[in-house]
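**Q** what shape does this take:
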Amino acid sequence: MWTDAAGEAIGLRSVPSGLAYRVNSAPANAPVIEELAVELVRVLERFARDSGFTQKNPASIQFGKGTIGHHQVGRATDIYGVGGIGLDKWKARWDARRDGRSNLGWRLYKALQVYGRWAQPYGYPIQLFGPWTREEGPWKFISDRLLAAHSDHIHVAK
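**A** Numbers count the residues shown, from 1 in each chain. Okay, the predicted model is just below:
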């Protein structure tokens, strides 16, 4: 159980591993509300299976700890790597040859976009940002500052 700044217990949990994927980062890197954890498990499992991973050969997923905004209350998390490779490296590979079939970073972003149900606060874009945001959406009109801040990870919020 995580606590807030005042030491009060808050109902956060880590994102668990699934059957076809394994979370290979410390549980403290992704303290999220139950609703976000359930959504991530659903989408990550589908991504992993669609990408050919299995229980015997699972995909690795690397979460990183966010510190501002929705992260402070467990409504957001950041994914920094998939398949043992950082998302910045997957993006560089994408820029070099645009091959989506073999690019796990791009495939993960697309799975999150197509299958995920992310927050969209009134007057704000859908809360899915990452290295492919300007090219793939779902909200392509992202500021240079926001895009640069998400050039090495995917941010999702519920």
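
**Q** any low-confidence regions in this structure?
**A** Residues of the chain that meet the criterion pLDDT under 70 lie in 1-10, 67-72.

**Q** strands along that one, start to end?
**A** For the chain, the strands defined by DSSP state E occupy 2-3, 9-10, 21-23, 59-64, 76-82, 85-86, 128-129, 154-157.

**Q** got the angle between the fifth one and strand 59-64?
**A** Between the axis of strand 76-82 and that of strand 59-64 there is an angle of 130 degrees, by axes from the mean of the first three to the mean of the last three CA atoms, to 10 degrees.

**Q** so what does strand 76-82 touch, helix or strand wise?
**A** If contacts are counted by 3 or more CB pairs under 8 Å, 6 or more residues apart in numbering; DSSP states H and E, strand 76-82 sits against helix 34-50, strand 59-64, helix 87-97, helix 104-115, strand 154-157. All C-beta spots, glycine's among them, are computed from the backbone N, C-alpha and C.

**Q** angle of the third one against strand 59-64?
**A** It stands for helix 87-97. 120 degrees.

**Q** packing partners for helix 87-97?
**A** strand 76-82, helix 104-115.

**Q** show me which residues of that helix are buried.
**A** Within helix 87-97, the residues scored as buried using 16 or more other CB atoms under 10 Å are 87, 90, 91, 93, 94.
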